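Asker: generate coordinates for the sequence data below:
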Amino acid sequence: MAISLTRDAEAEELLSDPQFLSQWTRLYGACPWASACQSPGFVTAWHEAYKDRHSPFIVREYSPAGDLIGLISLATDKSSGQLTVAGERQAEYKTWLTLPSNGSSFIEAALAELACKTDVSSLSFRYLPPGTPTDWIARLGKTAGRCHMQQHPRPIIPVGDSSALTEYLQKKKSGKSVRNSFNRLKRIGNLSLEQIRDADQLRPIFDQLITFYDIRQGGAHGKFVFQQDSAKKPFHLALLKTPGLLHVTVLKAGAEILSAQFGISDGKVFSGALPIISPFHAADSPMQVHVLMLVEKLHRDGYSIFDLTASMDPFKERFVASYDSVCSLTVYFRHRIRHQVVQASQVLARRSLRSLRIEPHAALEQLQNLTRVPIRAWPSVLAKNSLTLLTKRLAEKKFKIYELEPKQIPPLEGARGMSRDHLADLLAFQPTEVWQTRQRFIASALKRIEAGDHFYTRVENGRLLHISWLIEHQRSNIFPEIGQEFPFPPGAAVLFGSYTDPQWRRHHLWWSALQQMLHDLGQNPTVSHIFTAVPAANEPARHTIERVGFVSVV
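Answerer: Below is the predicted model of the structure:
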C-alpha cells in the first residue's frame, strides 16, 4: 500500500482519534523492536506538552484490509520548519513501528516519500532500539551516500535470571563503598523504596526533585534543564496518565527523600532517564543504594533488563553487568556535507572545551555575558576586572580572624529575613561580572553543601540578593575560603563566604544574615566558639562584626 503523510491540524485530529490510537496500540504490541518511546502514551504526551514548539507529522502505511502496518511519528519544529522524530531529546530511543514482515520496506518507502514531498534535510534516530532492521541502510547508502550509522555500547543489568541476579547483588553489596552507604543512610531513618504511580503522588514532591536535579546538572555541566525547558515538568506528569509508562521510584530514610530514579518502561525493559540525588545526602552515595534496591524490585515485578542507556559515565560503569549495543542513525536528504561538517565542528569544539575543563554550556553562558557588554566598552571592562582581581588577591592575603563566645550573642533584631538551606534559592543566582557563571557558583555551593555546610539566602523577584555560609562544626584546621591555618578549638563554628548582589550592598543584607546565623548558633548547645574572617582592609565589615561583639584574635 502507498505511504501517507499527515501533518499539522489533520495530524492533531488523528492523535485524538480512538480508532487510530487503538490500531497504533496493536501495531506497537506487534513490533518486535518497539521501545516505550514509540507507544501512543509517550508520543501523545510529548505532543501535548510541546505543542507550542512542534506540530505532529505522521507517516503511515495500511494493509489492503485497512490495518495499520507501518508508522513513524515525526514533528515539525514551528520555528525552523525542520522535521524531527517525535520525542526529540525526551526520547532515548527513536525508531519506526511495523510488523516483522515489512520493517525494512516501510522505512525505505517512507524516507523516499519524505524526500519527494517535504524539504527535510536530515533525520536523526538516536538511538535505534536493539533489533531495529538495518539491512536496508546499505542499499540506500550506496545509491546516494545518504546514511551514517554508528554503534554504541549500551551498559545493562539483566534482572530476569534469578541465579545470575543473586550473584550480581552479592558481589555489589559486598563492596565496602556500598556497605558504608547502607550503614550511613540507615542512621538517618528506615530505608524504603517507594514507587510513584500517578501524577497526584508526584506533584507534592516534584518541585523538590526538580531542584535536586537542576542543581546537580547545573553544577556539573551548566545545564539547568527544567528551568530552561518549561514543558519538561508537564510532560513527565502527562506520562503518568498511561499506567506503567513512566516508572518513578523514591528512596527515603524515614520521611526524608534521599534520591529518585525516573525511567521509561514497557513492563519488561526499564530505561533510566533522570537520576536525582539530594545534595544534602550526596556524600553518603544514596544512588548506589537506590540502584541495587531498584534492581531487586524490577526482578520481583517481572522485568528482564535494567537499561543504563548508551551514554557512558563512571557511575554506570560501577553497576553494569554486561553490554549490548545500539546504533545511532542519521539519514541525509540534502546538504549532507554541510551537516557533517557542522556536526564534526561541534564535536571538536566540545572536546576542546572539555580538554580545558570547560563545560560547553558554561562557555556559552560566559559568551552571553560578554555579548551583553558593548564592544566599545570591552577594553575598560577588562581593565577594570583585571585590576579588581589583582587588588582582591593582594588584599585577601591579609585577613583578620575574629572570635565570639555564644553567651555574648546579641538578641535578634526584627523578623528573620533569610532562608536557611533553601536549595531552590541557589538557582536564582545571576552573574553580575563577565567572568562569573552560574555553573561555577552552583558547583562551589554543592561542594559546601555536601561537606555539611549551611547557607542563608535572600531572594526577591527570582534573583538571589545575598548568601552567607555557616559551618556548625569546624573539623579542619584550615580556615574556609581564605585557606589560612588556624587552631580551632573543639565546638568551633565558622561564618564565611558572604556574597551580596552589587545593587543591594547598601541594604544591610549581610547584617541580617549575620544576626540570624548567630541566633541559630546560640540555640546549639554544642557550639562553644564562633569564628569569622574579614579582609584587613575592609573597615566597614570589621566595624560591623566588632559592633556585634566579635574580638580580633589574629
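
Asker: rest of the way, CA atoms for contacts and neighbours
Answerer: Noted.

Asker: thinking Gly452 is in contact with Phe280, fair?
Answerer: Yes: counting by Cα atoms under 8 Å, Gly452 touches Phe280, with 7.3 Å between them.

Asker: the more surrounded of the two?
Answerer: Phe280 (20 against 17; other Cα atoms under 10 Å).

Asker: so for the closest residue to Pro410 other than its chain neighbours, what's the pLDDT?
Answerer: Nearest residue to Pro410 in three dimensions, chain neighbours excluded: Val548, at 6.9 Å (Cα to Cα, 6 or more residues apart in numbering). The model reports Val548 with a pLDDT of 90.

Asker: what about Val548, neighbour count?
Answerer: Around Val548 there are 16 residues (other Cα under 10 Å).

Asker: doesn't Ile409 make contact with it?
Answerer: Yes: taking contacts as Cα under 8 Å, Val548 lies within contact range of Ile409: 7.4 Å.

Asker: what helix or strand is the spatially most central residue of the chain on?
Answerer: The centroid of the chain falls nearest to Gln217 when counting by Cα atoms, centre = their mean (4.1 Å). Gln217 belongs to helix 199-221 when assigned by DSSP states H and E.

Asker: from Glu256, how far off is Val250?
Answerer: Applying Cα to Cα, to the nearest Å, the value for Val250 to Glu256 is 10 Å.

Asker: between these two, who's got more neighbours?
Answerer: Val250 (21 against 14).

Asker: low pLDDT regions in the chain?
Answerer: 1, 141-145, 335-397 (pLDDT under 70).

Asker: what's the helix holding Gln217 in contact with?
Answerer: 196, 223-227, 237-238, 240-241, 260, 274-279, 359-362, 423-424, 426-427, 438-444, 446 (Cα atoms under 8 Å, 6 or more residues apart in numbering).

Asker: just stretch 289-300 next, same as before
Answerer: 159-160, 162, 169, 178, 181-182, 193, 249, 251, 259-261, 304, 306.

Asker: and what of stretch 504-511?
Answerer: So stretch 504-511 is contacted by Leu465, His466, Ser468, Ser498, Thr500, Thr544 (Cα under 8 Å, 6+ apart).

Asker: now the residues you listed: which count as buried?
Answerer: Leu465, His466, Ser468, Ser498, Thr500 (16 or more other Cα atoms under 10 Å).

Asker: so what pairs up with Ser192 in the strands?
Answerer: Residues in a beta bridge with Ser192, per DSSP bridges, are Lys252.

Asker: show me what contacts it?
Answerer: Leu251, Lys252, Ala253, Gly254.

Asker: buried only: go through the residues you listed for me.
Answerer: Leu251, Lys252, Ala253.

Asker: now these in JSON lines, with distance to Gln201?
Answerer: Output for those, formatted as JSON lines (distance: Cα to Cα, whole Å):
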{"residue": "Leu251", "distance to Gln201": "14"}
{"residue": "Lys252", "distance to Gln201": "15"}
{"residue": "Ala253", "distance to Gln201": "18"}
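
Asker: which one among these gets closest to Glu108?
Answerer: Distance to Glu108 across those (Cα to Cα) is lowest for Leu251, with 45.6 Å.

Asker: excluding chain neighbours, what is closest to the closest one?
Answerer: Leu193 (4.6 Å).

Asker: that neighbour: what's it in contact with?
Answerer: Contact analysis of Leu193 by Cα under 8 Å, 6+ apart lists Thr249, Val250, Leu251, Lys252, His290, Met293, Leu294.

Asker: among those, which are located in helices?
Answerer: Counting by DSSP state H, the part of these found in helices is His290, Met293, Leu294.

Asker: could you dump stretch 432-439 to PDB, C-alpha only?
Answerer: Coordinates of each C-alpha in stretch 432-439 appear next as PDB, following Å, rounded to 0.1, in the frame of the first residue of the first chain:
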ATOM      1  CA  THR A 432      27.000  40.300  37.700                       C
ATOM      2  CA  GLU A 433      30.500  40.100  36.300                       C
ATOM      3  CA  VAL A 434      31.700  38.800  32.900                       C
ATOM      4  CA  TRP A 435      33.800  36.000  34.400                       C
ATOM      5  CA  GLN A 436      31.100  34.700  36.600                       C
ATOM      6  CA  THR A 437      28.900  31.700  35.600                       C
ATOM      7  CA  ARG A 438      26.000  30.000  37.300                       C
ATOM      8  CA  GLN A 439      27.800  26.700  36.800                       C
END
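
Asker: now that stretch: buried residues?
Answerer: Across stretch 432-439, burial judged by 16+ other Cα under 10 Å covers Val434, Thr437, Arg438, Gln439.

Asker: how about stretch 411-425?
Answerer: So, applying 16+ other Cα under 10 Å, buried residues of stretch 411-425: Met418, Ser419, Arg420, Asp421, Leu423, Ala424, Asp425.

Asker: I'd like those as JSON lines, with secondary structure and distance to Arg60 appended.
Answerer: As requested, the buried residues of stretch 411-425 are exported to JSON lines (DSSP: H, G, I helix; E, B strand; the rest coil; distance: Cα to Cα, whole Å):
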{"residue": "Met418", "secondary structure": "coil", "distance to Arg60": "58"}
{"residue": "Ser419", "secondary structure": "strand", "distance to Arg60": "55"}
{"residue": "Arg420", "secondary structure": "strand", "distance to Arg60": "56"}
{"residue": "Asp421", "secondary structure": "coil", "distance to Arg60": "53"}
{"residue": "Leu423", "secondary structure": "helix", "distance to Arg60": "47"}
{"residue": "Ala424", "secondary structure": "helix", "distance to Arg60": "45"}
{"residue": "Asp425", "secondary structure": "helix", "distance to Arg60": "48"}
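
Asker: can you redo those as CSV with distance to Pro32?
Answerer: Converted to CSV, the buried residues of stretch 411-425 look like this (distance: Cα to Cα, whole Å):
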residue, distance to Pro32
Met418, 57
Ser419, 53
Arg420, 52
Asp421, 49
Leu423, 44
Ala424, 43
Asp425, 47
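
Asker: Ile305 contacts Gly272, doesn't it?
Answerer: No: contact criterion Cα under 8 Å: Ile305 and Gly272 do not qualify, at 10.8 Å.

Asker: in the stretch 301-450 of the chain, which spans are helices?
Answerer: Per DSSP state H, counting those that start in this stretch, the stretch 301-450 of the chain carries helices over the ranges 314-319, 336-355, 360-371, 378-395, 438-450.

Asker: before we move on, back to that, give me the buried entries from the contacts of helix 199-221.
Answerer: Buried, going by 16+ other Cα under 10 Å: 196, 223-224, 237-238, 240-241, 260, 275-279, 359-362, 423-424, 426-427, 438-443, 446, out of the contacts of helix 199-221.

Asker: distance of Ser22 relative to Val494?
Answerer: For Ser22 relative to Val494 (Cα to Cα), the value is 64 Å.

Asker: which one's more surrounded, these two?
Answerer: Remark: of Ser22 and Val494, Val494 carries more neighbours, 22 against 13, as counted by other Cα under 10 Å.

Asker: from Ile277, how far out is Ser177?
Answerer: On the measure of Cα to Cα, Ser177 and Ile277 end up 17 Å apart.

Asker: same deal with Val331?
Answerer: Between Val331 and Ile277 the distance is 37 Å, computed by Cα to Cα.

Asker: repeat for Tyr332
Answerer: In terms of Cα to Cα, Tyr332 sits 39 Å off from Ile277.

Asker: what are the buried residues along stretch 481-496?
Answerer: Applying 16+ other Cα under 10 Å to stretch 481-496 flags Ile482, Phe488, Ala492, Ala493, Val494, Leu495, Phe496 as buried.

Asker: before we move on, what about stretch 106-119?
Answerer: Phe106, Ile107, Ala110, Leu111, Glu113, Leu114, Ala115.

Asker: let me have that stretch in PDB, keeping just the CA atoms, if that works.
Answerer: C-alpha atoms of stretch 106-119 as PDB (Å, rounded to 0.1, in the frame of the first residue of the first chain):
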ATOM      1  CA  PHE A 106       8.300   0.600   5.100                       C
ATOM      2  CA  ILE A 107      11.200   2.800   6.200                       C
ATOM      3  CA  GLU A 108      12.700   2.800   2.700                       C
ATOM      4  CA  ALA A 109       9.300   3.800   1.200                       C
ATOM      5  CA  ALA A 110       8.700   6.400   4.000                       C
ATOM      6  CA  LEU A 111      12.100   8.000   3.500                       C
ATOM      7  CA  ALA A 112      11.600   8.200  -0.200                       C
ATOM      8  CA  GLU A 113       8.200   9.800   0.300                       C
ATOM      9  CA  LEU A 114       9.600  12.400   2.700                       C
ATOM     10  CA  ALA A 115      12.400  13.200   0.200                       C
ATOM     11  CA  CYS A 116       9.900  13.800  -2.600                       C
ATOM     12  CA  LYS A 117       7.200  15.700  -0.700                       C
ATOM     13  CA  THR A 118       9.000  17.700   2.100                       C
ATOM     14  CA  ASP A 119      12.100  19.800   2.300                       C
END
